[in-house]
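[1] sequence and predicted structure below; questions after.
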Amino acid sequence: MKGNLFKKFLAVLVLFLTGSSFAQGEMPTLIFKNGDTLHGISYAFKGKKIKFRKNKESEFIKYDLDDVSKVKLVSKYGGIAVFVRLPIMGKRQKQTMQLTVEGPVSLYEMVGSVSTDGSYITSYYVKRSDEEAVAFMGSTNPLITGFRKRAIKYFKDCEPLVEKLKKKEFMLRNMKEITYYYSENCAKN
């Protein structure tokens with residue numbers, strides 16, 4: 001009983017923190033669609049907006065994410081994360097997601113809510129360089145199935161990859177490898 005209560009508390013805490021907190025130790029850069037860049041010290045994604053602060057003395061300013069090409073975060077340990085706002089195939093809204101692999105087919109991840117066991121749920125999306133919208137591939141949520149069917153349909157122009165998907169050599173957990181495989185073996189230059 002205590003374990004379930006703790007998991008529920010943890011889930012609520014994570015949802016609260018991811019929705020309203022400001023990153024610690026990450027230096028954000030906003031890269032606007034018009035080419036302008038803005039460097040700052042803290043940020044928070046808020047739906048279709050980003051709250052951004054240039055320095056400790058400045059106030060937070062909200063920017064519309066539709067005006068931003070990408071948000072680049074550099075951690076104090078040297079890691080870089082890039083976030084973009086893209087439309088999803090078959091849906092009206094855009095979502096902010098992390099660019100994980102960039103290439104002829106790019107991989108995007110969106111980390112969402114916490115599942116009942118306390119783990120994060122990650123959704124995976126892909127987009128070819130000539131496409132406007134991302135295609136949903138699957139999610140770590142066990143209630144969302146159909147990854148193989150969606151992946152085979154999306155990558156149908158790459159027979160060797162389709163065979164690997166059919167033989168279960170590649171699974172959802174291999175999305176990075178799938179993206180690299182397609183880009184190295186099947187992408188048209």
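    Yes, it's here.

[2] which residues in the protein form helices?
    2-20, 147-154, 159-166, 175-185 (DSSP state H).

[3] list the buried residues for the second one?
    Neighbour-count burial for helix 147-154, with 16 or more other Cβ atoms under 10 Å as criterion, is recorded at F147, R148, R150, A151, Y154. All C-beta spots, glycine's among them, are computed from the backbone N, C-alpha and C.

[4] any idea which of those is the one closest to T29?
    Y154 (31.3 Å; Cβ to Cβ).

[5] once you drop chain neighbours, what's closest to that closest one?
    Closest residue to Y154 apart from its sequence neighbours, by Cβ to Cβ, 6 or more residues apart in numbering: A135 at 5.4 Å.

[6] ok, the one you found touching Y125?
    Yes: with contact defined as Cβ atoms under 8 Å, A135 and Y125 form a contacting pair (6.3 Å).

[7] what do these two both touch?
    Here A135 and Y125 have I88 as joint contacts, going by Cβ atoms under 8 Å, 6 or more residues apart in numbering.

[8] among those two, which residue is more densely surrounded?
    Ranked by neighbour count (other Cβ atoms under 10 Å), A135 and Y125 place Y125 first, with 22 against 19.

[9] distance of that one from G78?
    Y125 sits 26 Å away from G78, going by Cβ to Cβ, to the nearest Å.

[10] try V101
    V101 is 19 Å from G78, by Cβ to Cβ.

[11] which one is K33 nearest to, not counting chain neighbours?
    Nearest residue to K33, sequence neighbours excluded (Cβ to Cβ, 6+ apart): S69, at 4.9 Å.

[12] now do F136
    Distances taken as Cβ to Cβ, 6+ apart put Y125 closest to F136, at 5.7 Å, once the chain neighbours are dropped.

[13] using CSV, lay out the buried residues of helix 147-154 together with pLDDT and distance to Y108.
    As requested, those are exported to CSV (pLDDT from 0 to 100; distance: Cβ to Cβ, whole Å):
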residue, pLDDT, distance to Y108
F147, 96, 15
R148, 97, 19
R150, 97, 14
A151, 97, 15
Y154, 97, 13
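
[14] tabulate those (CSV), appending distance to T29.
    Below are the buried residues of helix 147-154 laid out as CSV (distance: Cβ to Cβ, whole Å):
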residue, distance to T29
F147, 33
R148, 38
R150, 33
A151, 33
Y154, 31
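
[15] ok so, going back, who does the residue nearest to Y154 form a beta bridge with?
    V126 (DSSP bridges).

[16] now it: how far from E109?
    Distance from A135 to E109, by Cβ to Cβ: 14 Å.
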